[in-house]
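In: okay, sequence plus prediction incoming.
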Amino acid sequence: MDLIQATAVHKRFGGITALNGADFVARSGEVHALLGENGAGKSTFIQILAGAIRADAGSILLKGKPFAPASPSQAQAAGVSAVFQELSLVPDLTVAQNIWFRREPLSALRTVRPKALRQDTQALLDRYHFPRLAADLEVRRLTLAERQVVEIAKALARSPAALILDEATSALAPRETEWLLTLSRDLAQAGMLVVFISHRLAEVRRVADRITVFRNGATVAVHDTREVTDDELIAEMLGRRLDRLYPERVATATQKLALKVRGLSAGHRLAGVDLDLAEGEVLGIAGLQGHGQRELFQSLFGVTRARGRVELWGKAVALRGPRQTLGGEFGLALVPEDRRNQGLLLSKSLRENLTLSVIPRFARFGIIDAAREKALVEEMVQFLRIRASSPEQLAGTLSGGNQQKVIFGKMLLTQSRILLLYDPTRGVDVGTKGEIFQLMRDLAAKGYAILFYSSDLLELVHVADRVAVMRNGRIAAILAGDRVTEHHILRAAMFESAAA
């Protein structure tokens, strides 16, 4: 039966039309994928379903009855739970406290029963075969991937009729992704509706029964997954055919080392990394979740204190912090893992975000040269094709792909020539992915040195010149040429014998 039936849904934010008559019909017992570019209206639509915002016009039926939740709690009470890209966890609370927030088991005196809380949490984790989580661990100590898993547990704790997964796999490693795809199929077979949003078409094809495509706020197609090709889906999402997702890989690396790392160690996650990155090279970083990739990037950028020897362009340096490492021809710049919390000031404008790190370039004696700042911003907006109503549009109102372009622009304005890109296409639509990949190859051709981590192995295979695979805080293998394959990467990440 049709669980959700939405007809001609409209939503505007000021002068921006987010939804322009969108239709959506999904059934109990299916995984229904919702596809579209960033800015196509997907996030707005699921926020309406989840009660986070109200539609301006149109009708939505849930189980055949009018459905217009005024709050997330109303939506959840009606049976709709959502897992958004922007996590809603409380960092100072434990995993268990977050999962059962405001629904904790209480005693007759209205106090929380800790033992029952732990038991309820463990029962939930066991029921859905969650990756191992410590119920009493504070969320602030978890990785982004672990927080995503907690968010999924929190949604399932309400036993929803419809579960919305908004780019839920984008923060997960392959093993956790496999778990979530299997769970989605199991939930659908048990009668639940799973609305699955992902920019990874391979995942969609594996898990989804049907696909609805949004473009420019409207529904442009509905398909049985088995009856549509990837090229057709991409053309429908973009409104045009994409010639190629991955650019031609032309060797541009020189013999000159931009970055040389020896014995880099930090805590228990980074245990003696040796690494060379050449001028003009895109060096991929791979490995199972939690094997030191994040700590490597944070240590190089100076966020995490580390031991070892680091040379930039042949000169030994001590990485004391981002202020010291960022900027200039011999510096490093970072595209961080969590763009909304680590890369942007969401309440500030596109202009302010782009120029925050380079204000000294157009300010004297504390006075900003507005004309020069405007010229820099306009040049970068045009170069990266950032779609915004104006440079004064708030960063928090931009689509995910355009937010990521702002971070790239901010990085490029620093004029750093060693770029640390940590999962730069996470949660980004296929069109913007193609632009980012092309930009990376273009920058490498200009002599930039790029360290590139991705949770999507295919990206590493098609974009990187070489791939360094991390295991237990060290480099387990360096793959080049025809050894840069998903098989060899996974083998090196999982088995000691693969390092040879």
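Out: Perfect, thanks for sending it. Residues are numbered from 1 along each chain as shown.

In: can you map out the strands along the stretch 51-200 of the chain?
Out: 57-62, 65-66, 80-83, 162-166, 193-197 (DSSP state E, counting those that start in this stretch).

In: show me where the stretch 1-150 of the chain has helices.
Out: 42-49, 72-78, 95-99, 114-127, 144-156 (DSSP state H, counting those that start in this stretch).

In: tabulate the ones you listed (JSON lines), appending mean pLDDT, mean neighbour count and distance to residue 223.
Out: Every C-beta, even on glycine, is put in place using the N, C-alpha and C of the backbone. JSON lines is the format used below for these (pLDDT from 0 to 100; neighbours: other C-beta atoms under 10 Å; distance: least, C-beta to C-beta, whole Å):
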{"stretch": "helix 42-49", "mean pLDDT": "95", "mean neighbour count": "24", "distance to residue 223": "16"}
{"stretch": "helix 72-78", "mean pLDDT": "95", "mean neighbour count": "16", "distance to residue 223": "27"}
{"stretch": "helix 95-99", "mean pLDDT": "92", "mean neighbour count": "25", "distance to residue 223": "35"}
{"stretch": "helix 114-127", "mean pLDDT": "89", "mean neighbour count": "15", "distance to residue 223": "32"}
{"stretch": "helix 144-156", "mean pLDDT": "91", "mean neighbour count": "22", "distance to residue 223": "26"}
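
In: what's the closest of the ones you listed to residue 212?
Out: Among those, the nearest to residue 212 by C-beta to C-beta is helix 42-49 (9.4 Å).

In: hey, what's residue 469 bridged with?
Out: residue 286, residue 477 (DSSP bridges).

In: circling back to that earlier point, redo the strands of the stretch 51-200 of the chain as TSV? Include mean pLDDT and distance to residue 180.
Out: Formatted as TSV, the strands of the stretch 51-200 of the chain follow (pLDDT from 0 to 100; distance: least, C-beta to C-beta, whole Å):
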stretch	mean pLDDT	distance to residue 180
strand 57-62	96	24
strand 65-66	96	30
strand 80-83	96	10
strand 162-166	96	8
strand 193-197	97	9
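
In: so which of those strands is nearest residue 187?
Out: Nearest of the strands of the stretch 51-200 of the chain (C-beta to C-beta): strand 193-197, 5.5 Å.

In: pull the residues that contact that closest one.
Out: With contact meaning C-beta atoms under 8 Å, 6 or more residues apart in numbering, strand 193-197 is reached by 3-4, 26-35, 42, 46, 49, 161-167, 184, 187-188, 203-204, 207-208.

In: selecting buried members of these in ChimeraX, what would you type?
Out: The ChimeraX command for the buried members of the contacts of strand 193-197 (criterion: 16 or more other C-beta atoms under 10 Å) is given here:
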select :3,4,26,28,30,31,32,33,34,35,42,46,49,161,162,163,164,165,166,167,184,187,188,203,204,207,208
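
In: now distance to residue 297 too, for the helices of the stretch 1-150 of the chain, in TSV please.
Out: Shown next, in TSV, are the helices of the stretch 1-150 of the chain (distance: least, C-beta to C-beta, whole Å):
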stretch	distance to residue 297
helix 42-49	27
helix 72-78	34
helix 95-99	25
helix 114-127	30
helix 144-156	13
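
In: looking at the ones you listed, which is closest to residue 311?
Out: helix 144-156 (29.8 Å).

In: for stretch 8-23, buried residues please.
Out: Buried-residue list, stretch 8-23, by 16+ other C-beta under 10 Å: 9-11, 17-20, 22.

In: same deal with stretch 89-106?
Out: 89, 94-100, 104.

In: over to stretch 382-390?
Out: Across stretch 382-390, burial judged by 16+ other C-beta under 10 Å covers 384, 386-388.

In: and if you look at stretch 227-239?
Out: Buried-residue list, stretch 227-239, by 16+ other C-beta under 10 Å: 228, 233-234, 236-238.

In: give me the subset of those lying in helices.
Out: Assigned to helices by DSSP state H, the following of these qualify: 233-234, 236-238.

In: can I get those in TSV including distance to residue 380?
Out: Shown next, in TSV, are those (distance: C-beta to C-beta, whole Å):
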residue	distance to residue 380
233	31
234	27
236	30
237	26
238	23
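
In: so residue 330 sits right up against residue 311, yeah?
Out: No: the pair formed by residue 330 and residue 311 falls short of the contact definition of C-beta atoms under 8 Å, at 10.7 Å.

In: tell me who's in contact with residue 339.
Out: Contacts of residue 339 by C-beta under 8 Å, 6+ apart are 400, 403-404, 407.

In: now with 10 Å, please.
Out: 85, 346, 395, 400, 403-404, 406-407, 422-424, 426-428 (C-beta atoms under 10 Å, 6 or more residues apart in numbering).

In: now residue 322
Out: 298, 301-303, 331-334, 357.

In: please report how far residue 24 lies from residue 222.
Out: 9 Å (C-beta to C-beta, to the nearest Å).

In: who's more crowded, those two?
Out: residue 24 (20 against 15; other C-beta atoms under 10 Å).

In: pLDDT value on that one, please?
Out: For residue 24, the pLDDT comes out at 97.

In: who does the closest residue to it other than its chain neighbours form a beta bridge with?
Out: Excluding its sequence neighbours, the residue lying closest to residue 24 (C-beta to C-beta, 6 or more residues apart in numbering) is residue 6, at 4.3 Å. Counting by DSSP bridges, residue 6 is bridged to residue 24, residue 60.

In: pLDDT score for residue 6?
Out: At residue 6, pLDDT is 97.

In: just checking, it touches residue 25?
Out: Yes: between residue 6 and residue 25 a contact is recorded at 7.3 Å, counting by C-beta atoms under 10 Å.

In: in the helix or strand of the chain with the lowest mean pLDDT, what counts as buried?
Out: Least confident helix or strand, the chain: helix 322-325 with a mean of 72, by mean pLDDT, DSSP states H and E. Neighbour-count burial for helix 322-325 flags 322, 325 (criterion: 16+ other C-beta under 10 Å).

In: what does stretch 474-486 give?
Out: Here stretch 474-486 shows 474-479, 484 as buried, counting by 16+ other C-beta under 10 Å.

In: quick one: low-confidence ranges for the protein?
Out: Judged by pLDDT under 70, the chain has its weakly predicted residues at 243, 324, 329, 496-500.

In: how does it divide into domains?
Out: Per the record, the chain has its domains at 2-238, 257-499, by automatic domain parsing.

In: what's the closest of those to residue 246?
Out: Residue 246 sits nearest to domain 257-499 of all these, at 3.9 Å, using C-beta to C-beta.

In: run the chain-centre distance for that closest one.
Out: Counting by C-alpha atoms, centre = their mean, to the nearest Å, domain 257-499 is centred 14 Å from the centre of its parent chain.

In: how about the helix or strand where residue 487 lies: buried residues?
Out: Using DSSP states H and E, residue 487 falls within helix 486-494. Judged by neighbour count using 16+ other C-beta under 10 Å, the buried positions of helix 486-494 are 488-493.

In: my guess is residue 211 contacts residue 219. True?
Out: No: shown here, residue 211 and residue 219 do not form a contact pair, counting by C-beta under 10 Å, at 11.2 Å.

In: need the overlap of contacts for these two.
Out: Contacts common to residue 211 and residue 219, judged by C-beta under 10 Å, 6+ apart, are residue 34.

In: on that earlier part again, can you list residues touching both of residue 24 and residue 222?
Out: 32, 212.

In: could you list every residue that touches the residue nearest to residue 24?
Out: Going by C-beta under 10 Å, 6+ apart, the list of residues near residue 6 reads 19, 22-26, 45, 48-49, 55, 58-62, 67, 212, 219.

In: can you check residue 346 too?
Out: Taking C-beta under 10 Å, 6+ apart as the test, what residue 346 contacts is 86, 339-340, 353, 394-398, 403.

In: which among those gets closest to residue 455?
Out: residue 339 (14.2 Å).
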